[in-house]
Structure formats: structure tokens, C-alpha cells
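Trainee: one predicted model, sequence on top.
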Amino acid sequence: RESRILFVRHTMQSLLRIKASITKTYERYQSVHVHTRSNVFIVIGLVISLPFLFWSLGAKESERKPLRVIFTAILMGFYWITEAIPLPVTSLLPLVLFPFLKILTTDEVSAAYFNDTIFLFLGSFIVAAAMEKWMLHKRIALKLLLMVGNRPRGLLLGFIMVTAFLSMWMSNTSTAGLMVPLVMTTLTQLKEQSTPSSKSKPQSSEESALLTQSASLDDTASSEEPPSDDLKQVVLDDSPQDEDDASSKSTPIDDADRILSVERYSKAVLLGVAYSASLGGTATLIGTGPNLVLKQQMKNLFPEAPEISFLQWLLFASPLSFVLLMILWAFLCFVYVRKPEHIHFNLTNFRQDYLAMGKIRVAEMYILGALGTMIILWSSRVGLDEHVPGWGYLFENYPGDGTVAMLLGFLLFVAPSRSRAHPDSDRVMDWEAAQNIPWGIILLLGSGFALAKGFHVSGLSVAIGKGISSFEDIDSVLLVFLTCGLVTFTTEVTSNVAISNIALPILAAIAIEMRENPLLFMIPATISCSFAFMLPVATPPNAIVFASGNLKVVDMAKPGFVMNVVGVILLPCIFLMIGLPIFGIELGSPPSWLIASSEHSHE
């Protein structure tokens, strides 16, 4: 008997060693595989782009610059899509290539990386970073969720609307990083309370650690690393808890229905958070990167065009976002919450967390004041018309939205975090917290502006417009729908900022050739860049939610496809109804500033 025990023990040890060896070999293979694939994509990018550079050597003087810009655009676009090189590193290529290829000087290229739009983005992220430092975003989220109540469909709507609201002012990555731990806590509690005839048990330290770990997920969550099995266990394992006599007498069929309903509800909440983080960002001009790309590229490509104001965008995009959020909620309720009576839980944990935060602090009041002031100044800087001027008129329109953002951001570095009774207190914002600002996104935005400037200066925009003469025969409204569809499904496999940098200059050239207002195509394309709902790698919120371990790819792909189709159909319809009058667009009638810009480009 002892010999058999020793044999089994040695056998198990051998198997464990074999398993460890296989795991180590697989990890080494994965590392080599990723490295090799990156090298292959680097070479392929050069192979498909270098012919345009060689072609420019023997071309006419007027064709050299456009061909060299095409070489740069194809190389950057391929590296952006494949991520052979980190996106921020690829974004530095215009600083290297444009001066050597005699397209733009170093000073001209560098200016594209720091302009009013970049500082608008930077200032808004300083305010968002201050909210994260003082946990103001968590206080807002918990308060709104407690106001919603504990009804399953109502709580699902609460998660969706809270995520969307925070995403209007913060990055969608930070918003998802905040909401996922709250969702995981809710789902764990829901599983415990919905399991009949069971005993409650306190949350283990391992579960708490996993929930804390999910809060720190960021853009790196879009990697190919499989979801943690431990995290799956937290969500899916049955956690016993005592129920009342009625539930304890439930039949096995009722128990199975209840467990199935809870699992389906878990998917609904996670999908709602992921999708609403993207939809909420479209509602404001600072909510997501493509919106800022549009704002600056209109300045670069059409200097005579009136500026897109914060209020204009809010009046158009917030109703669109609200309608899509309501459709998302109704769709998730119809598919996943068919039997809400099987879902039982309370909000005790949320209430305890909210009370543990104490009364609102002075620093949080400063941040709320800064955010409110920023919104008011942005909305009122540009007047409604010549008879109702904005406050910018008092300064001869010298200040821009970037000036407002940096003013409020600067004041947060000056404002004390406590009352005067504590002279040794810190400031509301410090540089350590500012280092969490996504500087890589700033480089990505700047590279898009530099690329658009290269399109304009080299004459490539005009050449593209002339070369796409076939678009003259296509109805403008039909082209709006086609643009939304193409951009929506393309952004599933690449960065939304990258695709906006590539698509907007081309759409501007098409609009010039069709003698239409460029905003007719550029605004729908910009919003479509945020309609990536199908794949976990499509957006950081999708990746963060997927990493929770409660979803499969197919769980995200099926409803994501439906939401993509809804967005492709609904966005053009709402834009044609309310967007045209808000932005002063007339079908078939080019604005005067477009004619002036075209004449300037030809010169």
C-alpha cells in the first residue's frame, strides 16, 4: 500500500513538472510568435509603401510631394491597423519623414502636435485626473446608482446612464475601469442572493483582490491574454446564502431558471457598461478622440470655415447619444432580462461604500466648480448668431476652447485641497496625478493633424478629389449612409483615432469634388468611429469588460453586430433631421468658405 502511495505521489509530481514545462514553453512560444509577427508586419508595411516613394523620384515636380505623403500615410496607416509598432511611436513618423521628404519643415510639423485642440484635450484630462485622484467619479456613480433603486431593469439602466455620463467628461477607458469593479461587486452579490437554500459567506480576500485588480485595467487590457480563470470563478461560482422560506421551497426547475436569469443579466450589465462608455463619449466635443480630430482638421483643411462650437456639438450629439442609449437598454432588456422576477438583490454594498466616503470634501467641490465653469464657458464662448455674440467677442475672439480648458486646469493646481484651517494641505491637483494623463493619445492626435496638414500643403487633397470623379454620380444622402457603414465596421479592427485621421481628409476631398459641405460626410464618419461594439479589441471598454471573464467573444459579437447596424441606420437619419440645421448644412449647396478654401488650395 505504501508503495502505491509513493507511486501515485511521484506520478503527480512528474505530471506537475511536465505541466510547468509545457506552460513555460508555450509562454516562450507566444513571446517569440508576437515578436516575429511584429517584425513581419514591419516589413510588409515597408513593402507596400516604398513603391510610392521610389515612384516620386522620377515624377514631375508637382507630383513628388503628393506621392511622398501617400507613402507616409500608407506606412502609418498599416502600422496603426496592425500595431506592429506601438501607436504613439508610429505617431512620431511625420516628425521624421516630412522634413527629410521636403514636405514640411520641422517647425511646421511640430506645430501640428501642439495646438488649441491638443490643449483642449489636455485641460479636460487634467480635470478628469483630478476627479480620479479624489474619487469624485466614484461618489457620483454610487449616488446615481442608489437613486435608481434595486429593480433589475432599472439598475441596468442606471449602470448604462452613469457610465455614459462619466464618459462624456472622462476617457472611456477610465470610465470602464471605474465601473467594472462596481459591476463585479453587484454581480457577485446578485449570485449569492439568487441562489436558494444556501448559506451566506463573507467575501474572501482573494475575491477582494481580484475586484481591486479589475479597477486598474487600462488600454493594455486589449491584449490577447485570455481572461483570468480566477476572475471567472468570482462571477460564476455559486455563493450560498440563506433565503426565506418561500425561496427555500422552490422547485429545481425554478432554481435553474433563476440561475440562468442571473447569468444572462450579468452579460446584459457588462455589455451595457462597455457599449455606453463608447456612446457617452460621442455626446460632447471632448468625450472621445475622433471628435477632437474633426475639430482640428476642419481648422487645418478649411481655415475660412466657422468653428465647430461645444454647444453646437452638444445640441446635436447628446440627443443622438440618448436615443442610442435607450435603444441599447431596451435591446438588452428584451434579449437578456426576460424574467426580472427571478433576480433578487439589494444595494447594501453600494450604500456602505457611499457612506464610507463621508461628506463631500472641499477638493471635490473645487473640481465640480471647475467642471461646471468649463462647460458654461465652452458653451457661451461663441455666440448663437451675429446678434447674440458670445463672451469671446469681448476679447476679439482671441481665446479658444483650449485656453478655457488650460485656465481651469491651472486653477486646480493652485487651489488648496482643504480649508484655510489646514495651511499644510496639498493642492487639488499635483503633477504626480497629472502623469496619468494618456500622453500617447496626445501624440496620436497630433500625428493626425500633421498628416492632414501634409495632405493640404502637398495638394494631395485636391488630387484625391479630382481622382474620385465617380462620386459625382452618387447621391449625397446615400454616400452618408455608405460612409457610416464603412467606418463603423473598419474601426472594429483599428484605433478610432487612427481611422478618423485617415478617413476625414479623404472625405473632405470627396466633398470638395461633389461641391457639398464637408461636414455632411465628416461628422457622421467621426461619430461612426466610436461605434465599435463587436470585438473585445475594438475599444478599451470592450477589452476591460471582456477581461472580467464573464463573456465570450460570441457574447459580445452578436449584440455588437446589432448595435453596429442600429448605429449605421440611426446616425444618418438623426443627422439629416437635426444635424443639418444645427451646423448650417444645405444639401447640394457648397458654403462660401468651401469655395474660398478650394480657390486657395488651387493657388
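Mentor: Received it, and whenever you're ready, just let me know what you need.
Trainee: next, the buried residues of stretch 76-93.
Mentor: Of all the residues in stretch 76-93, those buried under the rule 16 or more other C-beta atoms under 10 Å are 76-85, 87-88, 90-93. (Glycine included, C-beta is placed from N, CA and C.)
Trainee: show me which of these is closest to Ser500.
Mentor: Trp80 (11.0 Å; C-beta to C-beta).
Trainee: where's the closest residue to Ser592 other than its chain neighbours relative to Leu270, distance?
Mentor: Using C-beta to C-beta, 6 or more residues apart in numbering and skipping the chain neighbours, the partner closest in space to Ser592 is Glu304 (8.0 Å). The spacing between Glu304 and Leu270, counted by C-beta to C-beta, to the nearest Å, is 47 Å.
Trainee: quick one, which of these two is more surrounded?
Mentor: Taking other C-beta atoms under 10 Å, Glu304 and Leu270 do not tie; Leu270 has more neighbours (25 against 12).
Trainee: what's around Ile502, how many residues?
Mentor: 21.
Trainee: confirm that it sits in a strand.
Mentor: No: Ile502 is assigned helix when assessed by DSSP: H, G, I helix; E, B strand; the rest coil, not a strand.
Trainee: correct me if wrong: it contacts Gly77.
Mentor: Yes: the pair Ile502 and Gly77 passes the contact test of C-beta atoms under 8 Å, sitting 5.3 Å apart.
Trainee: check contacts around the residue positioned nearest the centre of the chain.
Mentor: Closest to where the C-alpha atoms of the chain average out (C-alpha atoms, centre = their mean) is Asn172, at 4.4 Å. Shown in contact with Asn172 (C-beta atoms under 8 Å, 6 or more residues apart in numbering): Ala277, Ser278, Gly280, Gly281, Gly287, Thr288, Thr539, Pro540, Pro541.
Trainee: other residues contacting stretch 376-384?
Mentor: Contacting residues not belonging to stretch 376-384 are listed as 285, 307, 309-311, 314, 389-393, 399-401, 404 [C-beta under 8 Å, 6+ apart].
Trainee: mind running it again at 7 Å?
Mentor: Contact partners of stretch 376-384, identified using C-beta atoms under 7 Å, 6 or more residues apart in numbering, comprise Glu307, Ser309, Phe310, Leu311, Pro389, Gly390, Trp391, Gly392, Tyr393, Asp401, Val404.
Trainee: right, and Ala557 touches Phe533 too?
Mentor: No: using C-beta atoms under 7 Å, Ala557 is not in contact with Phe533, being 8.9 Å away.
Trainee: show me which of those two is the more surrounded one.
Mentor: Set Ala557 next to Phe533 and count neighbours by other C-beta under 10 Å: Phe533 wins out with 27 against 15.
Trainee: ok, now how distant is that one from Ser278?
Mentor: 7 Å.
Trainee: then Ile160?
Mentor: Distance of Ile160 to Ser278, computed by C-beta to C-beta: 12 Å.
Trainee: before we move on, what about Arg351?
Mentor: 29 Å.
Trainee: same question, Ala434
Mentor: From Ala434 across to Ser278, the span is 25 Å (C-beta to C-beta).
Trainee: the two: which is more packed in?
Mentor: For Ala434 versus Ser278, neighbours defined as other C-beta under 10 Å are more numerous around Ser278 (31 against 18).
Trainee: the more buried one contacts Ser530, correct?
Mentor: Yes: contact criterion C-beta under 7 Å: Ser278 and Ser530 qualify, at 5.0 Å.
Trainee: need the overlap of contacts for those two.
Mentor: In contact with both Ser278 and Ser530: no residue, using C-beta under 7 Å, 6+ apart.
Trainee: you'd agree the residue nearest to Ser592 is in a helix?
Mentor: No: secondary structure assignment (three-state DSSP) places Glu304 in coil, not in a helix.
Trainee: so it makes contact with Pro591?
Mentor: No: using C-beta under 7 Å, Glu304 is not in contact with Pro591; the gap is 9.1 Å.
Trainee: so where is the protein shaky, pLDDT-wise?
Mentor: Where the chain drops to pLDDT under 70, the residues are 1-16, 18-35, 189, 192-256, 340-346, 383-388, 418-425, 465-473, 537, 595-603.
Trainee: now Met374: closest residue in space, sequence neighbours ignored.
Mentor: Leu408 (4.8 Å).
Trainee: then Gly289?
Mentor: Per C-beta to C-beta, 6+ apart, closest to Gly289 is Val497, 3.9 Å.
Trainee: so how far is Gly280 from that neighbour?
Mentor: For Val497 relative to Gly280 (C-beta to C-beta), the value is 17 Å.
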